[in-house]
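Undergrad: Dropping a prediction and its sequence here:
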Amino acid sequence: MPRRCHFLGTGTRSGHKKTYRGRAKYLGGVGIKITSKTKRTFKPNLQKVRCVVNGAPVRVLVSTKAIRMGLVVKQSRRKYTYTRALKAASGA
């Protein structure tokens, strides 16, 4: 399973980790300098979620951003209300 969000498509990105030395000017130093830049990866915060995709419940990897945006539609666990239509369908 790829490390990619099912809805937004966000995946692993690359960047740099910077190493600094020196003292800030406002603390009396001559300023901070970058001494090295190391390659690193930024991974999305993915969660395994059971949601409805194309009318069927499926477990997919979804980023937390997609969950907060409301793109994930969860399957209803049970009927919380009693209706006459439900009674008529059961034949009682």
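TA: Here it is on my side, so go on.

Undergrad: Lowest-scoring secondary structure element of this structure by mean pLDDT?
TA: When each helix and strand of the chain is scored by mean pLDDT, DSSP states H and E, helix 84-90 comes last, with a mean of 66.

Undergrad: Tell me where this structure has strands.
TA: 13-23, 31-42, 46-53, 56-63 (DSSP state E).

Undergrad: excluding its backbone neighbours, what's nearest the residue sitting nearest the centre point of the chain?
TA: Nearest to the geometric centre of the chain sits residue 63, at 1.7 Å (CA atoms, centre = their mean). Excluding its sequence neighbours, the residue lying closest to residue 63 (CB to CB, 6 or more residues apart in numbering) is residue 5, at 3.9 Å. Where you see a C-beta, it was placed from the backbone N, CA and C, and this is true even at glycine.

Undergrad: That neighbour: what's it in contact with?
TA: 11, 44, 46, 61, 62, 63, 65, 66 (CB atoms under 8 Å, 6 or more residues apart in numbering).

Undergrad: Show the buried residues in those residues.
TA: If you count burial by 16 or more other CB atoms under 10 Å, the buried members of the contacts of residue 5 come out as 44, 46, 61, 62, 63, 66.

Undergrad: neighbours of the residue lying closest to the last one once chain neighbours are set aside, just the number please.
TA: This means residue 66. In this structure, residue 66 finds its nearest non-sequential neighbour in residue 7, 4.4 Å apart by CB to CB, 6+ apart. Using other CB atoms under 10 Å, residue 7 has 18 neighbouring residues.

Undergrad: Tell me if I'm right that residue 7 and residue 64 touch.
TA: No: if you go by CB atoms under 8 Å, residue 7 and residue 64 don't touch, sitting 11.4 Å apart.

Undergrad: Give me the local confidence score for the nearest residue to residue 50 once chain neighbours are set aside.
TA: Leaving aside its sequence neighbours, residue 50 sits nearest to residue 59 (CB to CB, 6+ apart; 4.9 Å). On pLDDT, residue 59 comes in at 93.

Undergrad: how about residue 59, what does it touch?
TA: 48, 49, 50 are the contacts of residue 59 under CB under 8 Å, 6+ apart.
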